[in-house]
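# Requesting a structural model of the entry that follows:
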Amino acid sequence: MAAKEGDRILWSDRILAPFQRRTSSGRYLPEIDGLRCLAVVLVVLFHSHGFFTSGSEPSTVPELLATDPGTALLHMPHALIGRGWFGVQIFFLISGLVLSLPYVAHYLQGEEKPLVKNYFKRRFIRIEIPYILALTFFLFLSIIIEQSGWDRLPNYFAGLIYAHGFIYDGQHNPLLFVAWTLEIEVQFYLIVPLLCRVFALPKLLRRFLLVLTIFAVDQLCGGSWMAFTDSIWHHTVIRQLNWFLPGLLLADLYLSPNLKGFREKGGTLWADFVGGLAWIMVFVLIDYHFTISPRPFVLLLAFWCVLASRYLGVVFRNRWITAVGMMCYTIYLFHNFFIHTIFGPHILGPVLPYEKGNWPMNAFIMVVMVSVIIIACGFLYLVVEKPFARGRLPWKKKEG
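Residues are numbered from 1 along each chain as shown. Predicted coordinates for the structure are as follows:
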């Protein structure tokens, strides 16, 4: 219900009304949209980063620690933004959680089992149609801008079937660079019903198997996987399964009595403290390599703490943050268009002077730039994504 001041609807409610999520299951976690916001903002900042870095700044934690405190503090925004690619892994964990929750509820709480037909139908409508619209837009944009744009037709058709990585040996689609992650997501969608059969097992056994599999896949990807030199393997769901599977484990933990009790009491302060440390460690550990990496589990702990915390959860439940998270798919599809077609050639430099390597001033410019991109994508969301967001065609009446 919209908040009111007297008899007037607040201006914020008018703005945010189109960006409120409604789910058919009634199982809505606003914190997850908040985490989607974090993930997509990190990705947009990362893809903007190349315009602003000189390449000589200290970028890793060891490099920052090797400098004096003043220099380290000055370049910390640059180092954080340079890790924005990790937003993709945050998205993968979210997918594991959200897609497995209905199956967990079925196996653990006796709720109705999701119909595979409806599961794939909803995924197709919610994901495929906006993707086709975006991919077609970028094809025509390529034709208009490049005289040889028609040469991109093979890339277009390969992208339509989410097979560009397979057909082009792991190369990114030149029409939509970020589509490689969507291809991996679709591969994961296909195996979710099979993976979720693990929840039919007793609690200790299924959790042990999930933990063991996460360790095994992470070890394979981080070490011996390098024996597979063909780049195509680095763009399959197997290569990223160590980030999806913690989402399944989190779905199991979410329905546990302990987490439910924390949430019913408004959260716990120790989860705020542990969660704050966990989120810092998520990005610190990127610069370190381990024989057995703790990173998937640290990210899992960071997610769990958001759900169990008192104040950290409040941040991620903020309506402005969840609104951005709700339209993250549109932002993800179109942000590079704004960065590289509009801001890069026409605004950065000609209209807005800046100096590469000038931190933290460049971080401020980037925040303004990303804010404008999010607002622009808000309008696109209403046209491209929202009509299909509930998993059914907008021109068809709801069944029943």
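# From now on I want contacts and neighbour counts done on CA atoms only, so please keep to that.
Will do.
# count of residues packed around Glu264?
9 (other C-alpha atoms under 10 Å).
# check contacts around it.
If a contact means C-alpha atoms under 8 Å, 6 or more residues apart in numbering, then Glu264 has no contacts.
# Need the pLDDT of it.
If you check Glu264, the pLDDT there is 84.
# Please report the distance of it from Leu42.
31 Å (C-alpha to C-alpha, to the nearest Å).
# how near is Thr213 to Phe124?
Distance from Thr213 to Phe124, by C-alpha to C-alpha: 28 Å.
# Gln187 too?
Gln187 is 13 Å from Phe124, by C-alpha to C-alpha.
# Ok, Leu253 next?
Counting by C-alpha to C-alpha - Leu253 and Phe124 are separated by 28 Å.
# go on, Pro174?
23 Å.
# what do you get for Cys196?
Taking C-alpha to C-alpha, one finds Cys196 at 20 Å from Phe124.
# Report the separation between the closest residue in space to Ala323 that isn't next to it in sequence and Ala251.
Once flanking residues are discounted, Ala323 sits nearest to Phe19: 5.2 Å by C-alpha to C-alpha, 6 or more residues apart in numbering. Phe19 sits 25 Å away from Ala251, going by C-alpha to C-alpha.
# Quick one, grab the pLDDT at the residue nearest in space to the middle of the chain.
Most central in the chain under C-alpha atoms, centre = their mean is Phe91, positioned 2.8 Å from the mean C-alpha point. The predicted structure scores Phe91 at 96 on the pLDDT scale.
# Next secondary structure after the host helix or strand of it?
Using DSSP states H and E, the element containing Phe91 is helix 87-109. Using DSSP H and E, the helix or strand that follows helix 87-109 in sequence is helix 116-123.
# so how far is that following helix from its chain's centroid?
21 Å (C-alpha atoms, centre = their mean, to the nearest Å).
# list the helices and strands that helix packs on?
Applying 3 or more C-alpha pairs under 8 Å, 6 or more residues apart in numbering; DSSP states H and E, we find helix 116-123 packed against no helix or strand.
# Skip ahead from that helix and say which helix or strand is next.
helix 129-145.
# what's next to that next one, contact-wise?
149-150, 152-153, 156, 159-160, 175-176, 330, 333-334, 384-385, 388.
# Buried subset of those as a ChimeraX selection?
The buried subset of the contacts of helix 129-145, as determined by 16 or more other C-alpha atoms under 10 Å, is captured in ChimeraX by this line:
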select :152,156,159,160,175,176,330,333,334,384,385,388
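# Helices - which of the contacts of helix 129-145 land there?
The subset of the contacts of helix 129-145 located in helices under the criterion DSSP state H comprises Leu153, Tyr156, Gly159, Leu160, Thr330, Leu333, Phe334, Val384.
# okay, the angle between the helix holding Phe91 and helix 116-123?
150 degrees (axes from the mean of the first three to the mean of the last three C-alpha atoms, to 10 degrees).
# and which of the contacts of helix 129-145 is nearest Leu35?
Thr330 (15.6 Å; C-alpha to C-alpha).
# Distance of that closest one relative to Tyr311?
29 Å.
# same check, this time on Asn173
41 Å.
# That's all I had, so thanks and see you.
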